[in-house]
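Let's see this in three dimensions:
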Amino acid sequence: MPPVRRDVARVVLLDPANRVLLLPMAGDLDANGHGYWYLPGGGIEKGEAPVDAVRREIREELGLDIDVRDPALVRLVGVRFEFGGQRIDQDEWHFLGRTSTAAIVQSRAADPERRAVSAHRWWSVEELAVTSETVYPSGLRALIAEVLAFGPPSTPREVQNDAPSQARRKRSRDEGAAPSATGPTRRNPAAS
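Modelled structure (predicted):
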């Protein structure tokens, strides 16, 4: 069966304490049987801008209207994984988002997301640094630390193939560097 091809918008959603929201993929739904944590978001509809898609997805999944910064932080290209017996091939746009509350309105989550949303967790940079659990994208801890220290990049980084893949499993504890193909382009943090 050919892979399903799609584009996805996700959010690095930070609460007032600068913790990032992650949703769990249960081991029984993960093709590798291990489970992992991932950023909220979803598919970009035809004709929809990625930033509009992430706002819509967060409203649908989490019941939140959030402040999303455009342009994206990262664009992951060639993300490949298996879900529900189907191979998925997607590119992902990751945006920086802020919320004034850590409260999630679970009743608004659509049925497919209800299980993950009900088990959501807010993670600090320190918790991401020491967890033995798998977190996608790899490099998330370093990316958040970099954004908090220097502000978001002025243009998205393009990074190749960083996804839960049957061929490779990566832990969230990256050994220092944020995902970067060519390095960040920085904007003055005071202007953010």
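
quick one: residue 45 is in a helix?
No: going by DSSP: H, G, I helix; E, B strand; the rest coil, the assignment for residue 45 is coil, not a helix.

so after the helix or strand containing residue 21, what's the next helix or strand?
Assigned by DSSP states H and E, residue 21 belongs to strand 20-25. Sequence-wise, the next helix or strand downstream of strand 20-25 (DSSP H and E) is strand 36-38.

That next one - contacts with which helices or strands?
Applying 3 or more Cβ pairs under 8 Å, 6 or more residues apart in numbering; DSSP states H and E, one finds that strand 36-38 makes contact with strand 20-25. For the C-beta atoms, the positions are set from N, CA and C on the backbone; glycine is no exception.

And the strand it packs on, what does it pack against?
strand 4-14, strand 36-38, helix 111-118, strand 121-123.

worst average pLDDT in these?
When the helices and strands packed on strand 20-25 are compared on mean pLDDT, helix 111-118 scores lowest, with a mean of 61.

ok so, going back, model confidence over the strand holding residue 21, on average?
In this model, strand 20-25 has a mean pLDDT of 91.

how far is that strand from where the chain is centred?
8 Å (Cα atoms, centre = their mean, to the nearest Å).

So what touches that strand?
By Cβ atoms under 8 Å, 6 or more residues apart in numbering, the residues outside strand 20-25 that reach it are 12-15, 35-40, 62, 104, 113, 116-117, 119-123, 128, 135, 140, 144, 164.

Next, the angle strand 4-14 makes with that strand.
Taking axes from the mean of the first three to the mean of the last three Cα atoms, to 10 degrees, one finds that strand 20-25 is oriented at 140 degrees with respect to strand 4-14.

Alpha carbons only: can I get strand 20-25 in PDB?
Extracted as PDB, the C-alpha positions of strand 20-25 are listed here (Å, rounded to 0.1, in the frame of the first residue of the first chain):
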ATOM      1  CA  VAL A  20       6.000  22.700  26.700                       C
ATOM      2  CA  LEU A  21       2.800  20.700  26.100                       C
ATOM      3  CA  LEU A  22       3.300  17.200  24.800                       C
ATOM      4  CA  LEU A  23       0.800  14.500  24.000                       C
ATOM      5  CA  PRO A  24       1.500  10.800  24.500                       C
ATOM      6  CA  MET A  25       1.300   8.100  21.800                       C
END
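
longest helix in the protein, by residue count?
Assignment by DSSP state H gives helix 50-62 as the longest helix of the chain.

Please name every helix or strand in contact with it.
Here helix 50-62 touches strand 4-14, strand 41-43, strand 67-83, strand 86-98, helix 111-118, going by 3+ Cβ pairs under 8 Å, 6+ apart.

In the first one, which residues are buried?
Which is strand 4-14. Of the residues in strand 4-14, 7-14 count as buried by neighbour count, 16 or more other Cβ atoms under 10 Å.
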